[in-house]
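Participant: what follows is a predicted structure for the sequence shown.
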Number of protein chains: 2
Amino acid sequence: MRERPGPSSSRRAPRRDAVRNDAVVLQAAREVFAEQGPQASMESIAARAGLGVGTIYRRFPGKDALLDAIARLFVDELDEASAAALADPDPAAGLERFLDFVGAFNTEKRRYASLLAGRIGPDDEVSRRTFERIRQLTQKAVDAGHLAPDVTGDDIRALVAAIHAVVAATPDEDGSAWRRFVRIHLAGLRADRTEG
Amino acid sequence: MRERPGPSSSRRAPRRDAVRNDAVVLQAAREVFAEQGPQASMESIAARAGLGVGTIYRRFPGKDALLDAIARLFVDELDEASAAALADPDPAAGLERFLDFVGAFNTEKRRYASLLAGRIGPDDEVSRRTFERIRQLTQKAVDAGHLAPDVTGDDIRALVAAIHAVVAATPDEDGSAWRRFVRIHLAGLRADRTEG
DNA sequence: CCGCCTGCGGAACGATCGTTCCGATTCGCT
DNA sequence: AGCGAATCGGAACGATCGTTCCGCAGGCGG
């Protein structure tokens, strides 16, 4: 039994091609899933990556795991945006920045929409963290008088879902439709609705 | 050669079981698709109907045609609702009645949501008729002063898409979430947004 | 440069599914 | 009741796809 170089490396350095392929597989999967939807075959992903199917299975237990990994990337990105928005000293600016991000994000990733369907549940830890930030951000905006007193995090969460739908229903990459939708809805969230 | 009873009946009365099965197949398909989604197998639909798969294929050319037929039922129902709303003498009441229908309709048919995905395009004749009615209804509501002057049919169409998303994002059959969402958005559509 | 081992390719397998087809069955008519 | 045709049931087929497996190539350490 020889001494090992370090506590974390057991025998050998990983092969360079293997390291490269980690990123290659994920990138190819993102492209092909975006073009063909979740029912794209593993074969077509492997072809796009310039690899064999076995190489994919050495990294991901199966197709579901591959889709989950991609979905996680998006959830994480949204979580970071919520953190940045909450850090803004002006709650109104932070909220609008966040909603802008949601719209732009959905527009950019419009072809990936079907991938997340039912893949990340409401009990996901990251999603819960994101919503908690939305809740705090909303409360700060209410306290500052930028939203009507009865508005809660649930209202903003509904708006986020609605933005997704509006972007999906809008052809091409026209950003004006969802921006107008957000402006209108924010006006409703600011308004005194005690009469209606 | 005998005289035939009429110009449209060629030989015989249709068999009673065949007439029954027309409705049986469609009902079974609706149930199974609602439970399992569009990827439910023809076999499982036939089993639910208590029939063989061949019986389904005698009525519908294939699975896609079966899904299209179901989607068409929903599109037609929405079209009728738009006609009823437009017939209301009070544009504001007609509009709110229509939006109420959309929310209730999506709640009731929540499990069918994935069936229509990409199945009925924007160039569908019935869908175009529906949108034209929405456009007229919106114009009447604007003229009556119930909506801000810059609101168009596109805004209401976006709201319809948003309602669908909010219903889908709400657990169970709680109708309060989308009702609140609609009330908020309508307040935004009524508001003078020249400042924001 | 050599030998060893990690990682790769892609054929093959089993499962699933949409669709077809034809013998058996059931119905309408006389 | 009996005949002929319309309709049905479900086995069988071909295509597709996810996954496994193992012989082989290519890179790493010496």
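Facilitator: Noted; the coordinates are in hand.
Participant: and the residue nearest to the spatial centre of chain A, what does it touch?
Facilitator: Central residue check for chain A by C-alpha atoms, centre = their mean: the C-alpha nearest the mean position is that of A:F74, 2.7 Å away. Applying C-beta atoms under 8 Å, 6 or more residues apart in numbering or on different chains, we find A:F74 in contact with A:F105, A:K109, A:Y112, A:L116. (C-beta placed from N, C-alpha, C; glycine too.)
Participant: what about it, is that helix, strand or coil?
Facilitator: Assigned with DSSP: H, G, I helix; E, B strand; the rest coil, A:F74 falls in the helix class.
Participant: so how far is A:T130 from it?
Facilitator: Using C-beta to C-beta, to the nearest Å, A:F74 is found at 11 Å from A:T130.
Participant: can you tell me how far the residue nearest to the centre of chain A sits from A:R12?
Facilitator: The spacing between A:F74 and A:R12, counted by C-beta to C-beta, is 35 Å.
Participant: in space, what's closest to A:R179 - neighbours in sequence excluded?
Facilitator: In this structure, A:R179 finds its nearest non-sequential neighbour in A:G103, 6.6 Å apart by C-beta to C-beta, 6 or more residues apart in numbering or on different chains.
Participant: kindly apply the preceding question to A:A92 instead.
Facilitator: Nearest to A:A92 is A:H146, by C-beta to C-beta, 6+ apart, at 4.1 Å.
Participant: likewise for A:A165?
Facilitator: Closest to A:A165 by C-beta to C-beta, 6+ apart is B:A165, at 3.4 Å.
Participant: hang on, isn't that neighbour packed against A:H164?
Facilitator: Yes - counting by C-beta atoms under 8 Å, A:H164 is a contact partner of B:A165 at 6.2 Å.
Participant: show me which residues of chain A sit near chain B.
Facilitator: Neighbours of chain B within chain A, by C-beta under 8 Å from any C-beta of the partner chain: A:114, A:117, A:122, A:154-155, A:157-158, A:161-162, A:164-166, A:168-169, A:171, A:177, A:180-181, A:183-189, A:191, A:193, A:196.
Participant: how does it look with 6 Å?
Facilitator: With C-beta under 6 Å from any C-beta of the partner chain as the criterion, chain A meets chain B at residues A:158, A:161-162, A:165-166, A:169, A:181, A:183-185, A:187-189, A:191, A:193, A:196.
Participant: list only buried entries from these.
Facilitator: Buried by 16 or more other C-beta atoms under 10 Å in any protein chain shown: A:158, A:161-162, A:165-166, A:169, A:181, A:184-185, A:187-189, A:191, A:193, out of the residues of chain A next to chain B.
Participant: list the ones among these that fall in helices.
Facilitator: A:A158, A:A161, A:A162, A:A165, A:V166, A:A169, A:F181, A:I184, A:H185, A:A187, A:G188, A:L189 (DSSP state H).
Participant: ok now do the fourth one, which residues does it touch?
Facilitator: Yep, that's A:A165 we're talking about. Taking C-beta atoms under 6 Å, 6 or more residues apart in numbering or on different chains, we find A:A165 in contact with B:A161, B:A162, B:A165.
Participant: which SSE is the closest residue to DNA strand C within chain A in?
Facilitator: At 2.0 Å from DNA strand C, A:G54 is the closest residue in chain A, using C-beta to the nearest atom of the strand. In the assignment (DSSP states H and E), A:G54 maps to helix A:53-57.
Participant: what's that helix in contact with?
Facilitator: Contact partners of helix A:53-57, identified using C-beta under 6 Å, 6+ apart, comprise A:V25, A:M42, A:A46.
Participant: most neighbours among these, which one?
Facilitator: A:V25 (22 neighbours; other C-beta atoms under 10 Å in any protein chain shown).
Participant: what is the helix or strand where that one lies packed up against?
Facilitator: Using DSSP H and E, A:V25 sits in helix A:16-36. Judged by 3 or more C-beta pairs under 6 Å, 6 or more residues apart in numbering or on different chains; DSSP states H and E, helix A:16-36 is in contact with helix A:42-49.
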